[in-house]
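Novice: Quick one: sequence and predicted model below, then my questions.
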Amino acid sequence: MKIVVVGGTGLIGSKVVETLTARGHEAIAAAPSTGVNAYTGEGLAKVLSGADVVVDVSNSPTLDDAAREFFESATTNLLTAEKEAGVTHHVALSVVGTEELATQSGYFDAKLLQERLIAGGPIPYTIVHATQFFEFLGTLADSATVDGSVRMPPAYFQPMAATDVAEGVANAAVHAPVGGTVEIGGPAAVLLPDLLRTALTAVGDSRTVVADPEAKYWGIDLGERTLVPGPQATLFATRFEDWILQTAAKG
């Protein structure tokens, strides 16, 4: 199959391209650096010519209310170009808990809009809801640092390695559209403060991590299990401890 990966040069996209190529598919990385811009529509008609599947793992350059314009424009442009090109499956990467998170966050509200545009669009689709990535735990800690301490609500999440996220997205791409959402996650649910404490210790970061019921997650009041996938989720086996060792070996 010819599969175009929008956002295909980024962390997840590059791994999706690699995974699909290893399986024998023609996987094309589409990004502004390759002459394709879903937000403006530039290059879409050319790259989608002859494509069977489009995988969208692109992301807004901002994580605030401005994300709405990005996702609305990019998704609309993609769906229109896919219809013209005869694409038969649209796969998009989103986030576990998006609907609940959208009530308090402009960014997640924009992601929810993206999902609704896809669901109401002309292309058969699969939306992949993934949990947080191990690779972004440092960024998450930075977002919650106040006076040298990381303050996180004692809520559960079930993070996973970016390689496993890409595997889950690639699996969706090569199977028939589900006309709905599938969930993927890591092997076990853990408390946010506990794993962040382990993550910082592993890289020699001396910041104290405090479990604070009043703390917010990216400005959001979390439910205890908002970030945890449901019982039908596909879980991947890579544990954080194994990922840390693999990352250190590569470094």
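Specialist: All right, it came through fine.
Novice: what does the helix or strand harbouring Glu18 rub up against?
Specialist: If you go by DSSP states H and E, Glu18 is part of helix 11-22. Contacts with helix 11-22, where a contact means C-beta atoms under 8 Å, 6 or more residues apart in numbering, come from 3, 5-8, 27-29, 31, 55, 57-58, 93, 133, 135, 162-163, 165-167, 169-170, 173-174. In this view, the C-beta of every residue, glycine as well, is placed from N, C-alpha and C.
Novice: what do you get if the cut-off is 7 Å, keeping everything else the same?
Specialist: For helix 11-22, contacts defined as C-beta atoms under 7 Å, 6 or more residues apart in numbering pick out 3, 5, 7-8, 27, 29, 55, 57, 93, 135, 162-163, 165-167, 169-170, 173.
Novice: Restricted to helices, list those.
Specialist: If you go by DSSP state H, the contacts of helix 11-22 have 162-163, 165-167, 169-170, 173 in helices.
Novice: Can you lay out those as CSV showing neighbour count and distance to Leu78?
Specialist: As requested, these are exported to CSV (neighbours: other C-beta atoms under 10 Å; distance: C-beta to C-beta, whole Å):
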residue, neighbour count, distance to Leu78
Ala162, 19, 22
Thr163, 20, 25
Val165, 28, 20
Ala166, 25, 19
Glu167, 19, 23
Val169, 27, 15
Ala170, 26, 18
Ala173, 25, 14
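Novice: Can you tell me which of the residues you listed is closest to Glu115?
Specialist: Val169 (14.9 Å; C-beta to C-beta).
Novice: and that closest one, what does it touch?
Specialist: 12, 16, 55, 57, 91, 93, 128.
Novice: quick one, helices of the stretch 151-251 of the chain?
Specialist: Assigned by DSSP state H, counting those that start in this stretch, the helices in the stretch 151-251 of the chain fall at 162-174, 192-202, 240-250.
Novice: in this structure, what spans have low per-residue confidence?
Specialist: Across the chain, the ranges flagged by pLDDT under 70 are 251.
Novice: Farthest out from the centre of it, which residue is that? Tell me.
Specialist: Distance from the C-alpha centroid of the chain, by C-alpha atoms, centre = their mean, peaks at Asp147 (29.7 Å).
Novice: Phi, psi for it please.
Specialist: Here is the backbone geometry of Asp147 (degrees, to the nearest 10): phi 50, psi 40.
Novice: swap in Thr98?
Specialist: Main-chain torsions, Thr98, degrees, to the nearest 10: phi -50, psi -50.
Novice: thought it was touching Asp109?
Specialist: No - in this structure, Thr98 is not within contact of Asp109 by C-beta atoms under 7 Å, at 9.1 Å.
Novice: how deep is Arg239 tucked in, by neighbour count?
Specialist: Arg239 has 15 neighbouring residues, counting by other C-beta atoms under 10 Å.
Novice: cool, Ala119 as well?
Specialist: Ala119: 12 neighbours (other C-beta under 10 Å).
Novice: ok, it to Asn59 distance?
Specialist: According to C-beta to C-beta, to the nearest Å, Ala119 and Asn59 sit 19 Å apart.
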